[in-house]
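Trainee: The amino acid sequence is not available; the structure is as follows:
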Ligand code: SF4
Ligand code: SF4
């Protein structure tokens, strides 16, 4: 369909558009056959879910209503949620920036040029940052002013039907909430915020949110203690395993302090690290112990998982989890929380929780980055950069770099310990999202990973390939993408697997603390598995 307009959201069609002419990738992915093709959409999905936007299902609880009554009920609830979004009584914390972004768009499209999804998709119209905002505007005007000729003329020209609502529910999950668009808007408008506010209507009013974020995410976390399903007993088992692994790697017996009352620091991890990348909490433990810090982990409810997926879709869930995380710190009597390698946890626990918790309940929190920079600068841990003598590039997690201005510490560290460091372009506050932001990294239902790997993460893949152009086609040279964020790491792992970049071109990924431990001269074995022959033989 050419010349796609917001009004097409309400028209019956198999799909509005499938992204087709994707942004070209650099060598060696510029040759035919180097990337997998999109797979056809299954008919059974079409009956039960909303595949009619672009053929992908991201919101796996957004089921098609089966009867006319259900359809009307869904539209009614959506409109009631829309009213709540614009009410000071029900959305006080976000109403002002929402209203400003809603009212004053000059349609200059500067933001489109900044959006990696729009550019990667070959400029597919529905992924333009203002497309979904414009749909929301039209729905709001139609809802408030009815179907008069004047209203149609002033922007209320859209069919307020079930197809529009369902497609908007999917379209809210084609944005990584990375806010690169907001950074470039000459008027300071935030289309990322608008996408998130749409998600809130579906979650908070209609009970519709992707299972990986809600049911398996925040609900699990509040019930069990972690979004991974890891309970206290399982965590303590994992900690034992990590201690054994640290001994195997270093020959030294490290003990991870658990629930130490009155410690200076409560270190919090994204619990995904304990299961998927235990070398990351291990590296933190080695660094903190070698530097002689007075620190602890918590094994109490939510105290061991700094994930807060509510940030992506639901204010009420975000607040509940944030409060529990602070409680864990208060119960231990620590001086501060230090947040490990998780970008959204940085934002959720610092910037966002400042909106929710005041007074003495507001425990001091800080990122691990300035602390680590300080330890390296003061030479509190020994470092031998020659142990990291391979090409390394750095991904800036949006939540740390763009949202919080954390840019220099990771660079100073990596420049000190990695002689072949090279930047991605652009980087720092102007970085591109990994494509896993806002929950995409864990949304693996139906064919959504295809959208993530081929569209949302495409710009990041291009940046990685460009950063390693000098050695990309030399499989003998190992290359390392440093991503100091659990979700970004997940997205980058998936790109490297999807495009077979590790297998074919020896490109690896991992965190920052792993590079720091790898550079410690006192250990015989490398800490990074791809450099470690013993690990390779296991
Ligand atoms: S850059 Fe700002 S004003 Fe221009 S189209 Fe985008 S949101 Fe609207
Ligand atoms: S927040 Fe990021 S992904 Fe979403 S529209 Fe803006 S630039 Fe695109």
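Mentor: Great, that's in hand. What you see is a predicted model; the values in this text were computed from it and never measured. Ligands and ions are numbered 1, 2, ... in the order given.

Trainee: residues from the protein in reach of ligand 1?
Mentor: Contact residues, the chain versus ligand 1 (Cβ under 6 Å from any ligand atom): 105, 106, 107, 108, 109, 110, 111, 130, 185, 187, 189, 191. From N, CA and C alone the C-beta is placed, and that goes for glycine too.

Trainee: Next, find the distance separating the closest residue to the third one other than its chain neighbours from ligand 2.
Mentor: Put plainly, it is residue 107. Spatial nearest neighbour of residue 107, excluding adjacent residues (Cβ to Cβ, 6 or more residues apart in numbering): residue 130 at 6.8 Å. Distance of residue 130 to ligand 2, given as Cβ to the nearest ligand atom, to the nearest Å: 8 Å.

Trainee: Tell me the confidence at residue 130?
Mentor: pLDDT recorded at residue 130 is 97.

Trainee: now residue 292
Mentor: Reported pLDDT for residue 292: 98.

Trainee: Then residue 167 would be within a helix, right?
Mentor: Yes: according to DSSP: H, G, I helix; E, B strand; the rest coil, residue 167 belongs to a helix.

Trainee: pretty sure it is touching residue 52, no?
Mentor: Yes: under the criterion of Cβ atoms under 8 Å, residue 167 makes contact with residue 52 at 6.4 Å.

Trainee: Quick check: neighbours shared by these two?
Mentor: Here residue 167 and residue 52 share the contacting residues residue 16, scored by Cβ atoms under 8 Å, 6 or more residues apart in numbering.

Trainee: more crowded one of these two?
Mentor: The residue with more neighbours, out of residue 167 and residue 52, is residue 167; 24 against 20, by other Cβ atoms under 10 Å.

Trainee: OK, contacts around that one?
Mentor: Contacts of residue 167 (Cβ under 8 Å, 6+ apart): 9, 16, 50, 52, 53.

Trainee: There's contact between the first one and residue 135 in this structure, I believe.
Mentor: So the one you mean is residue 9. Yes: counting by Cβ under 8 Å, residue 9 touches residue 135, with 5.5 Å between them.

Trainee: Which one's more surrounded, these two?
Mentor: Legend: neighbour count by other Cβ under 10 Å for residue 9 and residue 135, higher for residue 9 (27 against 24).

Trainee: if I look at the closest residue in space to residue 392 that isn't next to it in sequence, how far off is residue 289?
Mentor: Once flanking residues are discounted, residue 392 sits nearest to residue 418: 4.3 Å by Cβ to Cβ, 6+ apart. Distance from residue 418 to residue 289, counting by Cβ to Cβ, to the nearest Å: 23 Å.

Trainee: Between the two, tell me which one has more neighbours.
Mentor: Using other Cβ under 10 Å as the criterion, residue 418 and residue 289 rank with residue 418 on top: 23 against 17.

Trainee: residues touching the more buried one, list them.
Mentor: 385, 388, 392, 515.

Trainee: other SSEs contacting the helix or strand where residue 139 lies?
Mentor: In this structure, residue 139 is located in helix 129-145 according to DSSP states H and E. Contacts defined by 3 or more Cβ pairs under 8 Å, 6 or more residues apart in numbering; DSSP states H and E place helix 129-145 against helix 68-85, helix 92-103, helix 110-114, helix 149-153, helix 162-171, helix 191-200.

Trainee: Now do it against helix 162-171, angle only.
Mentor: 140 degrees (axes from the mean of the first three to the mean of the last three Cα atoms, to 10 degrees).

Trainee: What are the contacting residues of helix 129-145?
Mentor: 6-7, 9, 79, 82, 86, 101-102, 105, 107, 109, 111-112, 114-115, 118, 125-126, 151, 154-158, 160, 164, 168, 171-172, 174-175, 181, 191-192, 194-195, 198.

Trainee: Now with 6 Å, please.
Mentor: For helix 129-145, the external contacting residues (Cβ atoms under 6 Å, 6 or more residues apart in numbering) are 6, 9, 79, 111, 115, 151, 155-156, 158, 160, 168, 171, 181, 191, 194-195.

Trainee: List the buried residues in it.
Mentor: Applying a neighbour-count criterion of 16 or more other Cβ atoms under 10 Å, one finds 129-143 buried in helix 129-145.

Trainee: how far is that helix from where the chain is centred?
Mentor: Chain-centre distance of helix 129-145: 26 Å, with Cα atoms, centre = their mean, to the nearest Å.

Trainee: Equivalent analysis for stretch 89-99, please.
Mentor: 23 Å.

Trainee: swap in stretch 32-50?
Mentor: With Cα atoms, centre = their mean, you get 24 Å for stretch 32-50.

Trainee: tell me which residues in that stretch are buried?
Mentor: 35, 38, 41, 45, 46, 49, 50.

Trainee: out of the contacts of residue 418, who has the most neighbours?
Mentor: Tallying neighbours with other Cβ under 10 Å puts residue 515 at the head of those, with 26 neighbours.

Trainee: what sits against that residue?
Mentor: Counting by Cβ under 6 Å, 6+ apart, residue 515 touches residue 388.

Trainee: Which of the helices or strands spans it?
Mentor: Counting by DSSP H and E, residue 515 is part of helix 513-518.

Trainee: For the residue nearest to residue 107, give its distance to residue 105.
Mentor: 6 Å.

Trainee: Give me the neighbour count for the closest residue to residue 221 other than its chain neighbours.
Mentor: The shortest distance from residue 221 to any non-neighbouring residue, by Cβ to Cβ, 6+ apart, is to residue 227 (4.5 Å). When neighbours are counted by other Cβ under 10 Å, residue 227 registers 25.

Trainee: How about residue 425?
Mentor: Residue 425: 11 neighbours (other Cβ under 10 Å).

Trainee: Do you know the pLDDT at it?
Mentor: 98.

Trainee: can you check residue 534 too?
Mentor: Reported pLDDT for residue 534: 69.

Trainee: again, but for the one 3 residues further on
Mentor: We have a pLDDT of 49 for residue 537.

Trainee: If you drop the residues flanking it in sequence, what lies closest to whatever residue of the stretch 351-500 of the chain ends up closest to ligand 2?
Mentor: Among the residues of the stretch 351-500 of the chain, residue 433 lies closest to ligand 2, at 6.0 Å counting by Cβ to the nearest ligand atom. Nearest non-adjacent residue to residue 433, counting by Cβ to Cβ, 6+ apart: residue 178, 3.7 Å away.

Trainee: Over to the one you found. Which of the three states is it?
Mentor: Relying on three-state DSSP, one would call residue 178 coil.

Trainee: That one is in contact with residue 436, isn't it?
Mentor: No: counting by Cβ atoms under 6 Å, residue 178 does not reach residue 436; the two are 10.2 Å apart.

Trainee: If you count surrounding residues, which of these two has more?
Mentor: More crowded of residue 178 and residue 436, by other Cβ under 10 Å: residue 436, with 30 against 26.

Trainee: In contact with that one, which residues?
Mentor: 487, 488, 490, 491.

Trainee: how about a cut-off of 8 Å?
Mentor: Neighbouring residues of residue 436 by Cβ under 8 Å, 6+ apart: 176, 442, 452, 456, 457, 487, 488, 490, 491, 492, 494.

Trainee: In a helix, the last one, correct?
Mentor: Pointing back at residue 494 there. Yes: remark: residue 494 belongs to a helix, assigned using three-state DSSP.

Trainee: What's the local residue count around it?
Mentor: The burial count for residue 494: 20, using other Cβ under 10 Å.

Trainee: Show the pLDDT at it.
Mentor: Looking at residue 494, the pLDDT reads 98.

Trainee: ok, it touching residue 451?
Mentor: No: using Cβ under 8 Å, residue 494 makes no contact with residue 451, being 11.7 Å away.
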